[in-house]
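Participant: Turn this into a model:
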Amino acid sequence: MAPIRPETTATSGSLVQVLRAAILAVCIVSLMSLAACNSQEQNKPVLESARQAFLDGNYSEAERLYESYIQAEPQGDARWEAWNRLLDMALTVRNDRPRATSILDAMYLEFGDSGQRAFELLSRLAEIYEDMNNYGKAVEAWRKCLSLPGIDPAESARLHYRVARDHQAMKAYGQAVQELNLCIRDAQKPELAQQCRYTLAQNLIFMGRVEDAKKILRSIMANPEIADEDRALAAFLLADVLEDQEKFAEAIDILESIRLTYPNPLVVDTRLKHLKQMKQ
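Facilitator: Alright, predicted model coming up:
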């Protein structure tokens, strides 16, 4: 028998080590997958208990269980459901808007890569901030919506209007005017365009640009395609401006023309009575 050469033995040993390492790697991956599956299986009772607690109206327990699921299952299939349940309870059960904004911030961090979900989350966040009179934060959320890819012009117009209203609430009238002009540019529905024009006139009045506002209001009143009620609202605002300018006769004529179309005729009659006294 020929003697075994040392290099042959070394080669065989290396091959065995490689095979052992490969088998070990496969085992580790399998164990990790099994652990993940076992983890999700173990947390199914937690999720089911959370759902039942919510249905039973046991909201404190439901919150605890949903939070437990979220912490235990960073890749869980039901995380969207769990977060939304926590959000619903924060808003409708606890009436805790600060907690709701924190939940929405966390959801946006987790699901913000999905355009549709990001839009939904940011819109709700902005609306809650508006309810809290935190208009600066609301503007931030609306602007994030505007920066999302795939926003069509019609949706963009609506978002610019919301931003404008928040700026108006903060008395940032110049910024509101900029947003309203963008709204008018992008609006595809006449109703929204008219709403933006009317709000633009309001902000111009606040800025002291009264003559510019009057032109817009007169154009709304003269447009037969605009609903009678909307034209009446523009006329009422124009009458306010004319009264401030002490043009009482013209203001009276305008108010007389909308007695039947203004949403609250009693208000018109009261204003007319006041103006007629001022005219004397």
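
Participant: thought residue 202 was touching residue 238?
Facilitator: No - shown here, residue 202 and residue 238 do not form a contact pair, counting by Cβ atoms under 8 Å, at 11.4 Å. In short, each C-beta sits where N, CA and C put it, glycine included.

Participant: neighbour-wise, which of these two wins?
Facilitator: Summary of the neighbour comparison: residue 202 and residue 238, criterion other Cβ atoms under 10 Å, with residue 238 having more neighbours (23 against 18).

Participant: Okay, and the more buried one sits in which element?
Facilitator: helix 228-244 (DSSP states H and E).

Participant: ok, and what's touching that helix?
Facilitator: Counting by Cβ atoms under 8 Å, 6 or more residues apart in numbering, the neighbours of helix 228-244 from elsewhere in the structure are 194, 198, 201-202, 205, 210, 213-214, 217-218, 220-221, 223, 248, 250-251, 254-255, 257-258, 261-263, 268, 271, 275, 278.

Participant: go with 7 Å
Facilitator: Contacts with helix 228-244, where a contact means Cβ atoms under 7 Å, 6 or more residues apart in numbering, come from 194, 198, 201, 205, 210, 213-214, 217-218, 220-221, 250-251, 254-255, 257-258, 261-263, 271, 275.

Participant: Buried among those? Need that as a selection in PyMOL.
Facilitator: Buried members of the contacts of helix 228-244, identified by 16 or more other Cβ atoms under 10 Å, are gathered into one PyMOL selection as follows:
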select buried, resi 194+198+201+205+213+214+217+220+221+251+254+255+257+258+261+262+271+275
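
Participant: so how far is residue 195 from residue 227?
Facilitator: When distances are taken as Cβ to Cβ, to the nearest Å, residue 227 and residue 195 turn out to be 11 Å apart.

Participant: Among those two, which residue is more densely surrounded?
Facilitator: Neighbours of residue 227 and residue 195, each counted by other Cβ under 10 Å, are more numerous for residue 195; the result is 20 against 13.

Participant: need the contact list for that one.
Facilitator: With contacts taken as Cβ under 7 Å, 6+ apart, residue 195 has the following neighbours: residue 161.

Participant: Nearest residue to the middle of this protein?
Facilitator: residue 123 (1.0 Å; Cα atoms, centre = their mean).

Participant: Spatially nearest residue to that one, not counting backbone neighbours?
Facilitator: With Cβ to Cβ, 6 or more residues apart in numbering as the criterion, residue 123 has its nearest non-adjacent residue at 6.2 Å, and that residue is residue 145.

Participant: Check residue 87 too.
Facilitator: Setting aside the residues directly before and after it, residue 87 is nearest to residue 103 in space (Cβ to Cβ, 6+ apart), at 4.9 Å.

Participant: just residue 179 next, same as before
Facilitator: For residue 179, the nearest residue in space outside its immediate sequence neighbours is residue 164; the separation is 3.7 Å by Cβ to Cβ, 6+ apart.

Participant: so who does the one you found touch?
Facilitator: Going by Cβ under 7 Å, 6+ apart, residue 164 touches 176, 179, 180, 183, 199.

Participant: what helix or strand does it sit in?
Facilitator: Secondary structure here is read from DSSP H and E; on that basis residue 164 sits in helix 153-169.

Participant: Report the angle between the next helix or strand after that helix and helix 153-169.
Facilitator: Under the assignment DSSP H and E, the closest C-terminal helix or strand after helix 153-169 is helix 173-186. With axes from the mean of the first three to the mean of the last three Cα atoms, to 10 degrees as the basis, helix 173-186 and helix 153-169 are set at 160 degrees to each other.

Participant: which helices and strands does helix 173-186 pack with?
Facilitator: Here helix 173-186 touches helix 153-169, helix 190-206, going by 3 or more Cβ pairs under 7 Å, 6 or more residues apart in numbering; DSSP states H and E.

Participant: Tell me where the stretch 1-150 of the chain has helices.
Facilitator: Listed in chain order, the helices found in the stretch 1-150 of the chain under DSSP state H, counting those that start in this stretch are 6-55, 59-72, 79-88, 97-111, 115-131, 135-147.
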